[in-house]
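Asks: how would this look folded up:
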Amino acid sequence: MREENKRIAKNTIIVYARLIITTLLGLLSSRYVLMALGASDYGLYNVVGATVIMFSFITSALYNTTTRFINYEQGKSDGDVNRIFNMSLAIHVCFAIIALLILESVGIYYILNYLNVAAGKEADAMFVFQVSTITTCLSLTSLPFNSLFIVYEDFRTIAILDILGAIVRFAFILVLLHYGGNVLRFYALCMALVTALVSLSYFFLSRRKWPSVTQVKLIKDKSKYKEILTYNNYSLLGAAALIFRNQGSNMVINYFFGTIVNAAYAISYAVQNYIITFVGNFDIASSPQITQNVSRGDMDRTVFLASSTCRICILLTLLLLFPVYCELPFLLHLWLGENIPEGTVTFCKCTLLVALVSSTSGGITQLIRGTGNLKWFTIQFTVLYVLALLISIGLYKAGFPPYTVILSYFIADAISRYFQILLLHRYIRLDIGSFVQKSYLRPLGVFMCGVAYLLASGYVQILHELWHIADFVIAVLFMVLSIFYVGLYKEERNAILSHIKTICTHIER
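Replies: Numbering: from 1, shown residues only. Next up is the predicted model:
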């Protein structure tokens, strides 16, 4: 177990090093893209991309399914990973064809009949859509190769490829600022090219690293295909619900308020994604071992990993949430300059709350996938998300503000977490009291500390930019201390201090 814990720690360091670099490049990229495209074209790119993403839920579902089954097979003493890999590859190719047919029919119909764009931009919207469609189908076929890097915990290669992709993407965006032609089309092509290059890199590297696993064969096993597809159907429904929640909101906002508000929503969604990605990297680092321990039948270790992951994911979210919330207008100005669409601050504050409630699923989602019992877990949150969007549409018709849909999903996600824990108790006899205490009690204490700081900082009047920076830094330090003394157990604090002492000793030598 010590070796497993060390591996999780090492993988966590790698994924966070990757995250810091890609996040910094992403923040700069967002600023320059908004400058180059303008609010209207930026909103158009996001809403057309949302049309494709609405159907690319197939990608997310298949990736989760493939990773789970290969991971589960890897945990067996007599597992045949090559067999599962080839079955997954065949399924991915079939679904890529299905995605192409759906996008070229339903997607085009939506763009031609319902997309709310400025006059003269219809051809640009269609161009962006077609480029995004091709990229989605290519990504679908490469996912089995990508998933091997998670299964074998090769997070270093993932980090290198993601960083290189972010650098190339940023370089294209700098060129975009000086491009004299159709900026929107050029941007769409550049983003598609980067995605294609990264996908091909995963393909060739996986073939080189694991030739026996990636050797292509035709596998005929109807019962196993049925098992994978049954799991995938529920995974597909779950991914569709998430896409429905995120991109459906984008489309509804576009229908009621237009592309300028879409731009504000896109920025807030980017902020939410940065936080969720920051937190989710720890969840990803622990996911292979959660699934493999389920495969081995070691449920005590599995539940321990899930509860620890859940607690740390919430603590990581709190570490970012309160400092960002305190200085949100200043940080947005620092990030985007003067090009901040109206309503962005309010949108961002709401999405920070969504990110917080989303973090409470850390570890739980991996535990659910590991057990394979997706049916009722998926159905309950799908129903909740559909109801949330439908209620938001009704509230919009009644004159409610644009951020209403975000608050609706905040409530839906909180209710969904309650049902998830109840279902885990039913399927694996999860001790609810113990799990809630270990996962949520200490983060609740840290949350109260953050609220106290937020209330205290509200009485301080800041007049200079340096004070804004100082306030942000002080908030981060305050949250670090709160997490260290309130959020962590004594053994964890001692381990961290011991590791710091070891590092200092090596530096002195």
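Asks: use CA for all of it now, contacts and neighbours both
Replies: Noted.
Asks: Quick one: end-to-end distance for stretch 201-218.
Replies: According to C-alpha to C-alpha, to the nearest Å, stretch 201-218 extends 24 Å from its N-terminal end residue to its C-terminal end residue.
Asks: Need the residues that contact that stretch.
Replies: Around stretch 201-218, the neighbours that count as contacts under C-alpha atoms under 8 Å, 6 or more residues apart in numbering are Val81, Asn82, Phe85, Asn86, Met87, Ser142, Phe145, Asn146, Leu148, Phe149, Leu161.
Asks: From the chain's centroid, how far away is stretch 422-433?
Replies: Going by C-alpha atoms, centre = their mean, to the nearest Å, the spacing between the C-alpha centre of stretch 422-433 and its chain's C-alpha centre is 26 Å.
Asks: Only the buried residues of stretch 399-406, if you could.
Replies: The neighbour-count criterion (16 or more other C-alpha atoms under 10 Å) identifies Pro402, Tyr403, Thr404, Val405, Ile406 as the buried residues of stretch 399-406.
Asks: Among these, which ones are in strands?
Replies: Restricting the buried residues of stretch 399-406 to those inside strands, with DSSP state E as the criterion, leaves an empty set.
Asks: Could you report the separation of the nearest residue to Gly363 once chain neighbours are set aside from Ile421?
Replies: Closest residue to Gly363 apart from its sequence neighbours, by C-alpha to C-alpha, 6 or more residues apart in numbering: Ala306 at 4.2 Å. The gap separating Ala306 from Ile421 is 12 Å, by C-alpha to C-alpha.
Asks: out of the two, which sits in the busier spot?
Replies: Here Ala306 and Ile421 are compared on neighbour count by other C-alpha atoms under 10 Å; more neighbours surround Ala306, at 25 against 19.
Asks: mind checking how far Ser142 is from Ala240?
Replies: Note on Ser142: its distance to Ala240, by C-alpha to C-alpha, is 20 Å.
Asks: ugh, typo on my part, it should be Gly399
Replies: As judged by C-alpha to C-alpha, Gly399 and Ala240 stand 28 Å apart.
Asks: ok, now Thr404?
Replies: Distance, Thr404 to Ala240, by C-alpha to C-alpha: 21 Å.
Asks: quick revisit: in a markdown table: the buried residues of stretch 399-406, plus distance to Val106 and pLDDT.
Replies: Converted to a markdown table, those look like this (distance: C-alpha to C-alpha, whole Å; pLDDT from 0 to 100):
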| residue | distance to Val106 | pLDDT |
| --- | --- | --- |
| Pro402 | 26 | 89 |
| Tyr403 | 28 | 88 |
| Thr404 | 28 | 91 |
| Val405 | 24 | 90 |
| Ile406 | 26 | 90 |
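Asks: Sort out which of those residues are in helices and list them.
Replies: With helices taken from DSSP state H, the overlap with the buried residues of stretch 399-406 comprises Thr404, Val405, Ile406.
Asks: Nearest the geometric middle of this structure, what residue?
Replies: By C-alpha atoms, centre = their mean, the chain has its centre lying nearest to Thr277, at 4.9 Å.
Asks: contact partners of stretch 259-277?
Replies: By C-alpha under 8 Å, 6+ apart, the residues outside stretch 259-277 that reach it are 19, 23, 39-40, 42-44, 46-47, 116-117, 250, 253-254, 317, 320, 340-345, 347-348, 351-352, 354-355, 358-359, 402.
Asks: go on, stretch 88-96?
Replies: Stretch 88-96 has contacts (C-alpha under 8 Å, 6+ apart) with Ile58, Leu62, Thr66, Cys137, Leu138, Leu140, Thr141, Leu143, Pro144.
Asks: cool, stretch 293-312 as well?
Replies: Outside stretch 293-312, the residues touching it (C-alpha under 8 Å, 6+ apart) are 72-73, 75-76, 282-283, 286, 290-291, 359-364, 366-367, 370-371, 435, 438-440, 442-443.
Asks: Please flag which of those sit within helices.
Replies: Here DSSP H is the test, and these give 72-73, 75, 282-283, 286, 290-291, 359, 364, 366-367, 370-371, 435, 442-443 as lying in helices.
Asks: List the contacts of Val324.
Replies: Val324 touches Leu331, Phe472, counting by C-alpha under 8 Å, 6+ apart.
Asks: Which phi and psi values does it adopt?
Replies: Backbone geometry at Val324, expressed as degrees, to the nearest 10, gives phi -70, psi -40.
Asks: if we take the ones in helices among the buried residues of stretch 399-406, which one ends up nearest to Trp467?
Replies: Taking C-alpha to C-alpha as the measure, Ile406 is the one of those closest to Trp467, at 31.0 Å.
Asks: mind listing the helices for the stretch 351-500 of the chain?
Replies: Under the criterion DSSP state H, counting those that start in this stretch, the stretch 351-500 of the chain contains helices at 364-371, 375-397, 404-428, 432-436, 442-457, 465-482, 490-508.
Asks: can I get these in CSV with distance to Tyr225?
Replies: As requested, the helices of the stretch 351-500 of the chain are arranged in CSV below (distance: least, C-alpha to C-alpha, whole Å):
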stretch, distance to Tyr225
helix 364-371, 17
helix 375-397, 17
helix 404-428, 24
helix 432-436, 34
helix 442-457, 42
helix 465-482, 48
helix 490-508, 43
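Asks: Highest mean neighbour count out of these?
Replies: The highest mean neighbour count among the helices of the stretch 351-500 of the chain belongs to helix 364-371 (a mean of 22), with neighbours defined as mean count of other C-alpha atoms under 10 Å.
Asks: That helix - contacts with which helices or strands?
Replies: With contacts defined as 3 or more C-alpha pairs under 8 Å, 6 or more residues apart in numbering; DSSP states H and E, the packing partners of helix 364-371 are helix 57-75, helix 259-296, helix 299-326.
Asks: now Tyr485: how far from Arg68?
Replies: For Tyr485, the distance to Arg68 equals 36 Å [C-alpha to C-alpha].
Asks: So those two - more neighbours on which side?
Replies: Neighbours around Tyr485 and Arg68, counted as other C-alpha under 10 Å, are more numerous at Arg68. The numbers are 26 against 14.
Asks: And the buried residues of stretch 399-406, which two are furthest apart?
Replies: Across those, the two lying at the largest distance from each other (C-alpha to C-alpha) are Pro402 and Ile406, at 8.5 Å.
Asks: What is the neighbour count of Ser29?
Replies: Residues lying near Ser29 (other C-alpha under 10 Å) number 22.
Asks: per-residue confidence for the nearest residue to Ser361 once chain neighbours are set aside?
Replies: Among residues not flanking Ser361 along the chain, Cys310 sits closest, at 6.4 Å (C-alpha to C-alpha, 6+ apart). As predicted, Cys310 sits at a pLDDT of 92.
Asks: The one 5 residues further on now?
Replies: In this prediction, Leu315 carries a pLDDT score of 93.
Asks: what residues are up against the closest residue to it other than its chain neighbours?
Replies: The shortest distance from Leu315 to any residue that is not its chain neighbour, by C-alpha to C-alpha, 6+ apart, is 5.9 Å, and that residue is Pro443. When the contact criterion is C-alpha under 8 Å, 6+ apart, the partners of Pro443 are Arg311, Ile314, Leu315, Ile483, Val486, Gly487.
Asks: Going by neighbour count, which of those comes out on top?
Replies: Compared across those, Leu315 has the highest neighbour count, 29 neighbours, by other C-alpha under 10 Å.
Asks: what sits against it?
Replies: Residues Pro443, Val446, Ile483, Gly487 are the ones in contact with Leu315 under the rule C-alpha under 8 Å, 6+ apart.
Asks: from memory the second one sits against Phe484, does it?
Replies: Meaning Val446. No: contact status for Val446 versus Phe484: not in contact, 9.4 Å apart, counting by C-alpha atoms under 8 Å.
Asks: Fine, thanks again, bye for now.
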